[in-house]
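In: Make a model of this:
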Amino acid sequence: MFLLLVVICSMVKILESEELPFIDVPRISTRVLSGGVNEAAKTTIWEQWIEPEGFIPLHYHDTEEVLVIIEGTVVLELADSKAVVSAPASILLAKEELHGLYPAGDSRVHLFGIFPTATPRIWDRQGNARPLPTDDLMTVDNPYPSES
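Out: Next up is the predicted model:
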């Protein structure tokens, strides 16, 4: 019985707060809860905060993505439409679905981005590779209309 317990425990990795730092770029704050950077084999989870002036530009992935809106209201932009989504809500995005979002009005948004891969990849509308949100220091110009 003790040997079995040792085997089970060796498959568990516990990440505590100091191993989950906040990574801020000009438009979004991200904490990687799970992913290739912390040795997850098949799942990435990003916890993100977007202030009212922040945004996530139009992009797509080679896997599906689940966005879980915990707090706030977002405007979800798709290739040819948009929707206003308020927390609590889940947004299920299919593989290669062009999407982006920004907070509605003065709403601060708290969300989780969940992927069935340890290494999500991102492309822009034209199919050019984009950096992960934790590495994107260059995207600062908000492409979405001001709702003031």
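In: can you tell me how far K95 sits from R130?
Out: K95 sits 16 Å away from R130, going by C-beta to C-beta, to the nearest Å. C-beta: built from backbone N, CA, C; applies to glycine.
In: higher neighbour count, the two?
Out: R130 (18 against 11; other C-beta atoms under 10 Å).
In: Pull the contacting residues for the more buried one.
Out: Contacts were defined as C-beta atoms under 8 Å, 6 or more residues apart in numbering; by that measure R130 touches 57, 59, 122-124, 136.
In: one more time with 7 Å
Out: R130 makes contact with 59, 122-124 under the criterion C-beta atoms under 7 Å, 6 or more residues apart in numbering.
In: Give me the pLDDT for V7.
Out: Reading off the confidence values, V7 has pLDDT 52.
In: which SS state does I114 fall under?
Out: Under DSSP: H, G, I helix; E, B strand; the rest coil, I114 falls in the strand class.
In: Show the backbone phi and psi for the nearest residue to it once chain neighbours are set aside.
Out: The shortest distance from I114 to any residue that is not its chain neighbour, by C-beta to C-beta, 6 or more residues apart in numbering, is 4.4 Å, and that residue is V66. Backbone dihedrals for V66, given as degrees, to the nearest 10, come out at phi -120, psi 120.
In: quick one: V66 and M11, what's the gap?
Out: Distance of V66 to M11, given as C-beta to C-beta: 24 Å.
In: try S17
Out: The spacing between S17 and M11, counted by C-beta to C-beta, is 22 Å.
In: what's the answer for A89, then?
Out: Looking at A89 against M11, where the rule is C-beta to C-beta, the gap reads 33 Å.
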